[in-house]
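Sequence first, predicted model second:
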Amino acid sequence: MAVALILLLVAVASVLFHLYSPWWWTPIASNWSYIDHTINLTFWITGAVFCAVIAFMAYCVLRFHHTEGRRAHYNPENKKLEWWLSIGTAIGVVAMLAPGLVVWHQFVTVPADATDVEVVGQQWMWSYRLPGKDGRLGTSDARLISSDNPLGLNPNDPNGQDDIVVQNEDLHLPVGKPVKVLLRSIDVLHDFYVPEFRAKMDMIPGSVTYYWLTPTRTGTFDVLCAELCGAAHAQMRSKVVVEEEKEYHAWLERQHTFAALSGQRNVAKAAYKTDSE
Amino acid sequence: MVDIPFDEVAGVPPAEVGEVELYHPHSWWTRYVFSQDAKVIAVQYSITAMSIGMVALVLSWMMRLQLGFPGTFSFIDANQYLQFITMHGMIMVIYLLTALFLGGFGNYLIPLMVGARDMVFPYVNMLSYWVYLLAVLVLAATFFVPGGPTGAGWTLYPPQAILSGTPGQDWGIVLMLASLILFIIGFTMGGLNYVVTVLQARTRGMTLMRMPLTVWGIFTATVMALLAFPALFVASVMLLLDRLLGTSFFMPTLVEMGQLTKYGGGSPILFQHLFWFFGHPEVYIVALPAFGIISDLISTHARKNIFGYRMMVWAIVAIGALSFVVWAHHMYVSGMHPYFGFFFATTTLIIAIPTAIKVYNWVLTLWRGDIHLTVPMLFALGFIITFVNGGLTGLFLGNVVVDVPLSDTMFVVAHFHMVMGIAPIMAVFGGIYHWYPKVTGRMLNDALGHFHFWVTFIGAYAVFFPMHYLGLLGMPRRYHDIGETAFVPASAHDLNAFMSVAALIVGFAQIVFLFNLVWSLVKGKEAGGNPWRATSLEWQTPETPPGHGNWGKELPVVYRWAYDYSVPGAARDFIPQNEPPARVAAQGAHP
Amino acid sequence: MSAIVLFIATIAAIAGWWLSQQRLAAKPWLEQGVAVDLRGDRGSSVPAAKIGLGVFLAVVGSLFALLISAYSMRTTMVDWRDLPLPKLLWFNTGVLVISSVALQWALMAARRDDNEGLIVGLLIGGASAVMFLTGQLVVWQQLKIAGYVVASNPANSFFYLITALHGLHVTGGLVALGRTTAKVWRGAPMAQLRLSIELCTIYWHFLLLVWLVLLGLLTGWTDNFVDICRQLLS
């Protein structure tokens, strides 16, 4: 029967596409492989349900399609069957939800030794700010934004003087060190999105959001904006370079502090040593 | 078993229930244009919704052309692409699906299915349509104003929606918000009718548990819409004030193109809460009528009562209630407090259980049925596949941590098109093929119907199933051109081109459908009163198409539920709801 | 969003109570005949228009509950500066109470077939509602003169928005009331009028209730009340 066959083919083709298509997620570069595992688990459970429902349906169409003299069976309900199906579904749901919530708990619990890195989004570019040797970022306010202070840092905050400001350049991160990414926007919603990191979070003007990750392999990764932010949304690009600690510090040495950029030369250029702290 | 003795074969004398003062049209204008007859209003709603829906369909072709062949079409740039996606989304979700299910199917079917003469407030019902039409016209006008329609995305998130970096910032967004406000006012007028008609105007014997599931679905969806649309109303009014008067409900301190704006202190997240407080129930406002329609299609065309009717009713009610406590699952990565994620992921996955029960009961209805593979039945089968597919991917996105990598990617686009685009449209088509004979008295052409179904179903599946994998790849949504990246392989562009071709083919199949609608009006086979041999009341009208007042002199009396198909011992394989038990007994042995 | 969730929960409880009367656990395939219809022979005794008004009030209630939710989320932001409420607001509240009482009186008069009492009640009710609206406009004027314009602070924006939406609903009610009064004036039979008058009265009481809740919100009493409840619970 053609209809039953086509229905079945849809399921079979979907499974084959899933197994053999070359389009799958990019190799991960952060500690969030748990997320990938949860997705895989969800694929297995939902895939089984999908195939079972369609196969059952195709069988019914094949077996019970109208022929002369056929009369349908009369069966208003079957409480027992419905309960068993509900319980089975509930078990499947728990099997997906429980690991999901455990991983979410990890995702929202930032480890104490994570270093702050600030990402600032604006139409349509990315800027970055790293703490100076004091390890702390200074405060900021959108009202302070001007051409010499494009990120709106507070010039009176001593913590902010040695902050390293990276504009129109890639962000570098050391491999294997947990990072708390603080997200700030100065105009509209943006979303700092690096596909290889798996994590993402919107940036909201007026508040600071965050997520954390540990980069697990070196390489250069694309940064995209994942929250519609206006006409040039698709062109809002940058790159993250994950590298060994030594190269990272070499890169840091070449950056400018806020004080240097804003012309207040009262704070010396950040002096980084690998042995500091 | 509750059995009532009857003296006569004709049953008890009918009684007028919920007296409706019928308005009697005096001229052509009041009969066909400013009509207060729910059936005419239903057709007006349907034609308007499908017309504006065609605009949205053409917009989707434009989007697919750009995505499949970026840079080839010089008449589509980044701004226009954003305008296209915004208008496509808004039109499809609100002006097409909501209006068609509630205003179209609701108006036509509710009075007929519950055995009423008309809606209880016919005048308000008429106003509802005209306000809706005005909303559609205001929306359509945005295509012709300076700057064009808004390109803020259908979610209209501030601050971006009202700032100059977004296309359509001067007129587009203002008219869009005005149109939404009008739509909500118009809908509320209609919605009051649908709810009160179900509550008050059911004919004698029509208890709630005897109503067809279509009525249950539309009724519950309308109640939800009445309570949820105010959220969009409040959000639209506040955003409009932010845009026009410079208030800061949603607008924080921000720098617009290097200039500090006058805004300050507002909360963009507040808008998102309001929007999704409407937006999530909206998903079910579209889904529940589809659930109802599909249940009735499957039952009728498989000649079998819907399996587990009570469970189906409870599931509809449970889904309706639960859908008000899941809204923030659209906001997992919005920067709201992360601990909300635990609550909303749990409620979201709980809602999967009643939804799954509905799916099981549909396929169990097929089991040992007498399945007629008519066009409505095919659409019902297509609905089940696309809905199951889209529902299951919803379990990915509802599970908070899984949503993190997938949100804002093409996976989301694929998911919601499957579950609230293709699946409800399948229900709409199935419903149209099923009820067209009642509306017009003629059958739709069967061969064209089969062609329409197979191209639409296979084609749409070929568009949206592979799209999930672009999302897994990491391809973000709302990009007119992915451009140069390291993580998107060149082969993904070929996939995009394939999807675009499939989408164009699906689009053209809809033109065949429109042709069928018009052609069959004149040339279609005469349908008779009850071509599908169905039990529910709308098929038992004395005239087809039903006349003004639906029922002639006397209202029908209902003696049984809407699913007495293939009852053992009965002579025919269906017993209409208004068939008195005595007459059934006279025709064949009583069960 | 707690206000709206609470509101929806209330609606859900009402809906649940109603559904529990509808024999949702019945097995409809085992029941034949008409006697299972609980509404009896004559259908429901409540007129459709009254049910319609009830549903409409639920929609309006949802609208204001959402406004309250938005208000309470926005007040937590740092830039919120309460605005001084003009004394006139209390006078307006009193006028609205009088309006409600007058309509209740009109309703009672209609039930006794007292045509004169009815007209007096309707006229006082209508006039005091108009006075309330005028008073609200004067409040706006006073605030504007004092420099509290709509966009200068979110507290002002909310004040104007909330009073405007409430005022619009009162205006809509006045249209209905005007039509009813006109019918009374033309001497329509009392039996036809009773329902219209009752609907107007219900709507008036509802808007008074909404206004009192909103006033509690604007004056900050609700906050104190919520605090007290919280202390009692903890």
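Structure's in. What do you need? Numbers count the residues shown, from 1 in each chain, chains lettered A, B, ... in the order given.

Now do residue B:463, the pLDDT please.
pLDDT, residue B:463: 95.

host element of it?
Using DSSP states H and E, residue B:463 sits within helix B:446-473.

so who does the closest residue to chain B within the stretch 51-200 of chain A touch?
At 3.2 Å from chain B, residue A:195 is the closest residue in the stretch 51-200 of chain A, using Cβ to the nearest Cβ. In short, each C-beta sits where N, CA and C put it, glycine included. Residue A:195 sits next to A:25-26, A:221-222, A:224, B:405, B:473-474, B:487 when contact means Cβ atoms under 8 Å, 6 or more residues apart in numbering or on different chains.

Residue A:201 - that's part of a strand, no?
Yes: assessed with DSSP: H, G, I helix; E, B strand; the rest coil, residue A:201 lies in a strand.

Around it, count how many other residues there are.
24 (other Cβ atoms under 10 Å in any protein chain shown).

residues touching the residue nearest to it when sequence neighbours are not counted, list them.
Nearest residue to residue A:201, sequence neighbours excluded (Cβ to Cβ, 6 or more residues apart in numbering or on different chains): residue A:211, at 4.7 Å. Residues in contact with residue A:211, defined by Cβ under 8 Å, 6+ apart, are A:107, A:180-181, A:183, A:199-201.

and residue A:211, that's in a helix?
No: read with three-state DSSP, residue A:211 is strand and lies in no helix.

Name the residues linked to it by a beta bridge.
Each beta-bridge partner of residue A:211 is listed here, defined by DSSP bridges: residue A:181.

Nearest to chain A: which residue in chain C?
Counting by Cβ to the nearest Cβ, chain C gets nearest chain A through residue C:29, at 4.5 Å.

Now the residue nearest to that residue when sequence neighbours are not counted: which helix or strand?
Closest residue in space to residue C:29, ignoring its immediate chain neighbours: residue A:76 at 4.5 Å, by Cβ to Cβ, 6+ apart. Here residue A:76, judged by DSSP H and E, is contained in no helix and no strand.

Identify the residues contacting residue A:76.
B:305, B:307-309, B:563, C:27, C:29.

coming back round to it: the residue of chain C closest to chain A: what's it in contact with?
Contact partners of residue C:29, counting by Cβ under 8 Å, 6+ apart, are A:76, B:305, B:309, B:560-561, B:563-564.

Show the end-to-end separation of stretch B:536-549, please.
Taking Cα to Cα, to the nearest Å, stretch B:536-549 runs 17 Å from one end to the other.

Buried ones in it, by neighbour count?
Across stretch B:536-549, burial judged by 16 or more other Cβ atoms under 10 Å in any protein chain shown covers B:536-541, B:544, B:546, B:548-549.

And those, which two are furthest apart?
Across these, the longest distance by Cβ to Cβ is 20.7 Å; it joins B:536 and B:548.

can you count the residues close to the closest residue to the residue of the stretch 51-200 of chain A closest to chain B other than its chain neighbours?
For residue A:195, ignoring the flanking residues on the chain, the nearest one in space by Cβ to Cβ, 6+ apart is residue B:474 at 3.2 Å. Look at residue B:474: counted by other Cβ under 10 Å, it has 25 neighbours.

dump the residue contacts of residue B:474.
Contacts of residue B:474 by Cβ under 8 Å, 6+ apart are A:25-26, A:195, B:405, B:409, B:487-488.

Likewise for residue B:428?
With Cβ under 8 Å, 6+ apart, residue B:428 has these contacts: B:97, B:100-101, B:105, B:290.

Now with 7 Å, please.
residue B:100 (Cβ atoms under 7 Å, 6 or more residues apart in numbering or on different chains).

gap between it and chain C?
The gap separating residue B:428 from chain C is 26 Å, by Cβ to the nearest Cβ, to the nearest Å.

give me phi/psi at that residue?
Backbone torsions for residue B:428, taken as degrees, to the nearest 10, come to phi -60, psi -50.

How much space separates it from residue B:48?
14 Å (Cβ to Cβ, to the nearest Å).

Quick one: list the elements packing against the helix holding residue B:463.
Under the contact criterion of 3 or more Cβ pairs under 7 Å, 6 or more residues apart in numbering or on different chains; DSSP states H and E, helix B:446-473 touches helix A:2-20, helix B:375-398, helix B:410-417, helix B:491-523.

related to what we said a few turns ago, selection in PyMOL covering whichever of the contacts of residue A:76 are buried, please.
Here is the PyMOL command that selects only those of the contacts of residue A:76 that count as buried (16+ other Cβ under 10 Å):
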select buried, (chain B and resi 305+307+308+309+563) or (chain C and resi 29)
